[in-house]
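A.B. asks: Need a 3D model of the following:
(chains A, B, C and D)
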Protein chains: 4
Amino acid sequence: MNTAIIGASGYAGEETVRLLSRHPRLRLTAVTSRQNKGKTLGSVVGGLTRYRDLQFEDLSPAEVASRAELFVLAVPHGVAAEYAVPLREAGKLVVDLSADFRIHDPAVYAEFYGHPHAAPAYLPQAVYALPELHAEAIKKSDLLASPGCYPTSILLALAPALQAGWLDLETIAITSLSGVTGAGKKAEIPLLFGEIGESLRAYSLPKHRHLSEIEQEIALLAGKPVQVSFVPHLVPINRGILTTITARLMDRNLAPAAAQAAYEAFYRDKPFVRVLDQATLPEVKNVARTNFAEIALRIDPRTGRLILISAIDNLVKGTAGQAIQAINLRLGYPEEEGLL
Amino acid sequence: MNTAIIGASGYAGEETVRLLSRHPRLRLTAVTSRQNKGKTLGSVVGGLTRYRDLQFEDLSPAEVASRAELFVLAVPHGVAAEYAVPLREAGKLVVDLSADFRIHDPAVYAEFYGHPHAAPAYLPQAVYALPELHAEAIKKSDLLASPGCYPTSILLALAPALQAGWLDLETIAITSLSGVTGAGKKAEIPLLFGEIGESLRAYSLPKHRHLSEIEQEIALLAGKPVQVSFVPHLVPINRGILTTITARLMDRNLAPAAAQAAYEAFYRDKPFVRVLDQATLPEVKNVARTNFAEIALRIDPRTGRLILISAIDNLVKGTAGQAIQAINLRLGYPEEEGLL
Amino acid sequence: MNTAIIGASGYAGEETVRLLSRHPRLRLTAVTSRQNKGKTLGSVVGGLTRYRDLQFEDLSPAEVASRAELFVLAVPHGVAAEYAVPLREAGKLVVDLSADFRIHDPAVYAEFYGHPHAAPAYLPQAVYALPELHAEAIKKSDLLASPGCYPTSILLALAPALQAGWLDLETIAITSLSGVTGAGKKAEIPLLFGEIGESLRAYSLPKHRHLSEIEQEIALLAGKPVQVSFVPHLVPINRGILTTITARLMDRNLAPAAAQAAYEAFYRDKPFVRVLDQATLPEVKNVARTNFAEIALRIDPRTGRLILISAIDNLVKGTAGQAIQAINLRLGYPEEEGLL
Amino acid sequence: MNTAIIGASGYAGEETVRLLSRHPRLRLTAVTSRQNKGKTLGSVVGGLTRYRDLQFEDLSPAEVASRAELFVLAVPHGVAAEYAVPLREAGKLVVDLSADFRIHDPAVYAEFYGHPHAAPAYLPQAVYALPELHAEAIKKSDLLASPGCYPTSILLALAPALQAGWLDLETIAITSLSGVTGAGKKAEIPLLFGEIGESLRAYSLPKHRHLSEIEQEIALLAGKPVQVSFVPHLVPINRGILTTITARLMDRNLAPAAAQAAYEAFYRDKPFVRVLDQATLPEVKNVARTNFAEIALRIDPRTGRLILISAIDNLVKGTAGQAIQAINLRLGYPEEEGLL
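C.D. replies: Model prediction:
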């Protein structure tokens, strides 16, 4: 299927290009970028072996519509809606890597993103495209809102416990550590190597935008509204997210073996989630540059808390790989096609 | 004052050497090391400008006692007690960087360290030498138990809030990120650059040994026993700890300005703690290789939680610098002597 | 074809496992390791998706011979010969990642490795398995000596210039920067993150062992013996080598366009070498975790020198990937099978 | 002495602020910055303990002249001359960290910097302020041109060998590896952590601007014009330069002990240069954040070449510390004042 990437020169777009270059059923036919117009993909995206000579173009939504059947939007929120609407009108399959169609309630979008939603009429047809939670809906939608990287690492870790009703929902405390590509390919002083190397910092406290989708999905899993504490950190690695979550157990006598078995059962048929055993903890290096997530759980008998740890690659399972996984589901391809 | 370092070739010992080489009132007269016996300090501790020709010796407690008046023990717990007892018997001033004399209750020591305490009779004379909390006791003790690096970063962040009684003590959730020197200079595969670089991981779940001293001191501040959740992480930097703590406020209407003012008041006369304003967050690079701690607090109105962030250098404020600071207090020197 | 890896728990062995897990025609049937005997591959090699349950065994050469037709030796030099001889006697195809069969002259081996060669009678059947230089010989040999990582980065950069006779052979000065996995997965203090992070150093001066194979191959290309200057460095990255070579041109009026064209022609049919244009320089990030090499050349009109820069991944093109590439050639598979 | 820093918010300016905050005889009275006008030093320069409340101002040369007696120019070349001329006219002592007054010959400046020199009339009073080579001239000049970081690491390594006449001058090949702060605090994509981490690259080939001052000083030491090969690299560390130089010896029988002794004699009275012995090689971690340089030499009997390795901190000995060292000499203070 002919595929175009809108905004292919940021980290998310580049990674989508890399993954598409290995996908046997998707053919990249157009890449757009204002700043790189006229350059070849190979001169901008390092290490490509295919599509090196494809040229960046600067195309309007109307112009690009004829170039493909499937469109991956790798542009900032706000801009994504400007492409999604005409492309959906033209009957195209749209996968949006931005936040524009992740939030079902436009009021929540406005609260967290600071401006009214540009196309609220399109929200009902959008699906929050986390394949491990919403596979059936993904198969039927033409507007796939690919989740954020932090939410992916958090929701995969929490889902089984939430669905099982184990947690005191008022006590969920989340900490995430993110590699620097998660902040985007922006020419900003705080993202320089000289500012990040040998340093650590938290940021966006106390209300990171991703809380909007995190809490939306937690509420769906828990069956009622929940507000959680979330502290994101920037750490000196290129890629990867490690998330640590603690929450008090409703039943502090929950047996570790039972909890472990429940997690393994929840993810039994999910090809990209590895539930680690009680002797092993996730490490970013074991998921880096793959579409896999690693999850481990521990019960702390002293505090009666469940401890959840997850690791993903922020640009693959957190962004571009997850989008391909959803596309595979939507198009009826094997879920792992092009991702192993 | 003549000073000896027992075990001067690990990271903690090396950093003590570096700091002593700049201290105008302490003179390094002996350094011991089994493995480096006969080598010069300069050939083992990079970048020294003073004491380069001092030789490592392999001395028993009895032999070393005559070499100095002040002894810094930079050996593993268990071994430290073997030196501390005879040195105290000889009337020497002992500063122990290990955990051996930090825990007042030998039963707690045995629970967390897995063996009975070697010298419980000496615990009553030991002081938990965190200068910001126990300056008066430090001035009167000859057995100073210098705090661990994680506990320092945690207790400095929590102390004002605990003392003010702001926190729901059941809800304290702590996450710490540590540079790799915190794990010691040990020839172990998991500490290789090839295993740590571009990776992240949590470890020692759910019951890290430092919880023993963390909870001892929290209980003293809070006035009752408390159990907290603590998740330590290893991150690819050489030096530094960033700690993030969240806890529910008893009064969720606590005003940020009042909380800020209380923290500033608590640390007004503490030369090594910087309480940052409401627009700034701690960064490891701002405290690295210094004895300073940076602390910031935020109130999350959505969850009614207090968020505390602190940054220290694990080998200076977290180990060797803090020991010098306590020595300065004990000997009546200016608290900042040799540390600026 | 059934394949066994001897010594599969070092970095070279691990990377061979990873590559074999994606190769459609090679089936991994045995992995040996003394220290990991009884453990599963998945518990030792992070991020595997296939062969996770294969167990490490501790097998003698005689025992392992029946387990496969193809053997990859990922053990230290000296040990490799102990396996290669009986396996060759048993008629097996052997690919050795160590230095044991790279040097044609046993006297040179003894000079550089400090002990007599263990099996000089087998040297005549061994091929220095650098596919870009020796493809035809590789196709006919059953004892493939896979090149070292430094030599690969150096020889690929030098070969066209040497073959064309451009260089004053007395003036070749080589500098290489290597990621830390190049030093192996050894529990040694100098390889700790705390010793490598935020530091740089040269080592093995002036006579690194790899000079033996570098100079052997340079002599073959140049048609006469040559001695070169080689300074290897350790830099804080996990993977990758960047090599810089300068040498005086015999004809300082050699035109950049002619030199560029000659390099492009030399590598026209070599799928894993990318000759970059005169506006682009190699970067490790563009070859990391791939079997590709990037090469650029510049002529310095001021000094009349040719400057060559190359980048490879030390564990893929420098070790395991190159071995797979040679196996593909030997077995008549497409050269790129399993490597894209 | 009252001191002002022009352009105090780049990495060079920040480091000058840090060093001045520890200097007992220099008082910082003004800091200028266009972009940070009105902000306090403490809010921009992390980790300061003194001068935190000093405000950045945006002052013209005429305005700033009255604010101090000593001026450190930490602005780009070209801009530096705009300040230096009026400040010198006002009789001030000027230390320029840019390249504007390093090159004695304005034609060479124009060739390497691409525009005519702005104030050639001031070149005769300027001194190339490398204290180990030009201490006497520094003591008498009011216009100190502080050397570049690469040239410092290269000239310190080469000077004794050049002065002794050991080298075949046509064969000098220099490679340098620099930490990322050497590229300045500029909001540019290629300097992002995401572009630098886990990568390596050479740049500015074949004619880096610093060659102008490197060759000027080599010519002075060698007694005749020399052109050298120089390949700079960017590596993922914050701070530090490691330089490797090889050159053919005129007498290939030069004894290592004699060469070693000559280097030690050359630097005997130079407090900031450590000549390492024949068993030790420089490491960036041993000089990082200090004003020291480490130098080692080896003779390669196979190629008849001298190998020189040096390590410095690019922002201290390579920039701000060296400037303070020169100021100390100029003002008759102890050379090490404020630098230990």
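
A.B. asks: Looks like residue A:48 contacts residue A:19 (just checking).
C.D. replies: No. Look at residue A:48 against residue A:19 with CB atoms under 8 Å: they stay out of range, at 11.2 Å. For every residue, glycine as well, the C-beta is placed using N, CA and C.

A.B. asks: Neighbour count for those two, which is higher?
C.D. replies: Legend: neighbour count by other CB atoms under 10 Å in any protein chain shown for residue A:48 and residue A:19, higher for residue A:19 (22 against 19).

A.B. asks: Quick one: name the residues of chain A near chain C.
C.D. replies: By CB under 8 Å from any CB of the partner chain, the residues of chain A that approach chain C are A:22, A:43, A:46-47, A:49, A:197-198, A:280, A:283, A:285-290, A:292, A:340.

A.B. asks: Could you restrict these to the ones contacting chain B?
C.D. replies: Answer for the residues of chain A next to chain C near chain B (CB under 8 Å from any CB): A:197-198, A:283, A:285, A:288.

A.B. asks: and the residues you listed as JSON lines, adding secondary structure, pLDDT and neighbour count?
C.D. replies: JSON lines is the format used below for these (DSSP: H, G, I helix; E, B strand; the rest coil; pLDDT from 0 to 100; neighbours: other CB atoms under 10 Å in any protein chain shown):
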{"residue": "A:197", "secondary structure": "coil", "pLDDT": "97", "neighbour count": "25"}
{"residue": "A:198", "secondary structure": "coil", "pLDDT": "97", "neighbour count": "23"}
{"residue": "A:283", "secondary structure": "strand", "pLDDT": "97", "neighbour count": "25"}
{"residue": "A:285", "secondary structure": "helix", "pLDDT": "96", "neighbour count": "21"}
{"residue": "A:288", "secondary structure": "coil", "pLDDT": "96", "neighbour count": "25"}
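
A.B. asks: Excluding chain neighbours, what is closest to the residue of the stretch 51-200 of chain A found nearest chain C?
C.D. replies: At 5.8 Å from chain C, residue A:198 is the closest residue in the stretch 51-200 of chain A, using CB to the nearest CB. Leaving aside its chain neighbours, residue A:198 sits nearest to residue B:237 (5.0 Å; criterion: CB to CB, 6 or more residues apart in numbering or on different chains).

A.B. asks: Residue A:93 now?
C.D. replies: Nearest residue to residue A:93 in three dimensions, chain neighbours excluded: residue A:70, at 4.7 Å (CB to CB, 6+ apart).

A.B. asks: Quick check: phi and psi at that neighbour.
C.D. replies: phi -120, psi 130 (degrees, to the nearest 10).

A.B. asks: Show me which residues of the stretch 151-300 of chain A are close to chain D?
C.D. replies: By the rule CB under 8 Å from any CB, the part of the stretch 151-300 of chain A lying against chain D is A:180-181, A:185-189, A:191-198, A:236-238.

A.B. asks: can you do 6 Å?
C.D. replies: Proximity of the stretch 151-300 of chain A to chain D is confined to A:180-181, A:187-189, A:191-194, A:196-198, A:238 under the rule CB under 6 Å from any CB of the partner chain.

A.B. asks: show me what contacts the residue nearest to residue A:102 when sequence neighbours are not counted?
C.D. replies: Leaving out its chain neighbours, the residue that sits closest to residue A:102 by CB to CB, 6+ apart is residue A:145, at 4.3 Å. Residue A:145 makes contact with A:96, A:101-102, A:126, A:128-129 under the criterion CB atoms under 6 Å, 6 or more residues apart in numbering or on different chains.

A.B. asks: mind redoing it with 8 Å?
C.D. replies: Contact analysis of residue A:145 by CB atoms under 8 Å, 6 or more residues apart in numbering or on different chains lists A:96, A:99-102, A:126-129.

A.B. asks: so what's it bridging to?
C.D. replies: As for beta bridges, residue A:145 partners with residue A:96, residue A:128 under DSSP bridges.

A.B. asks: Quick check on the residues of chain A next to chain C: which are buried?
C.D. replies: Buried members of these, scored by 16 or more other CB atoms under 10 Å in any protein chain shown, are A:43, A:46-47, A:49, A:197-198, A:283, A:285-290, A:292.

A.B. asks: Assign residue A:248 to one of the three secondary structure states.
C.D. replies: strand (DSSP: H, G, I helix; E, B strand; the rest coil).

A.B. asks: what does residue A:38 give?
C.D. replies: Of the three states, residue A:38 takes coil according to three-state DSSP.

A.B. asks: Could you report the neighbour count for it?
C.D. replies: When neighbours are defined as other CB under 10 Å, residue A:38 has 9 of them.

A.B. asks: so it makes contact with residue A:44?
C.D. replies: No. In this structure, residue A:38 is not within contact of residue A:44 by CB under 8 Å, at 10.9 Å.

A.B. asks: a helix runs through residue A:205, doesn't it?
C.D. replies: No. Assessed with three-state DSSP, residue A:205 is coil; it does not lie in a helix.

A.B. asks: For it, which non-adjacent residue is spatially closest?
C.D. replies: Nearest residue to residue A:205, sequence neighbours excluded (CB to CB, 6+ apart): residue B:298, at 4.9 Å.

A.B. asks: do residue A:336 as well
C.D. replies: Residue A:336 sits nearest to residue A:271 (CB to CB, 6+ apart), 5.3 Å away.

A.B. asks: any idea of the mean pLDDT in stretch A:96-113?
C.D. replies: Within the predicted structure, the mean pLDDT of stretch A:96-113 is 97.

A.B. asks: whoops, stretch A:331-340 was the one
C.D. replies: In this model, stretch A:331-340 carries a mean pLDDT of 96.
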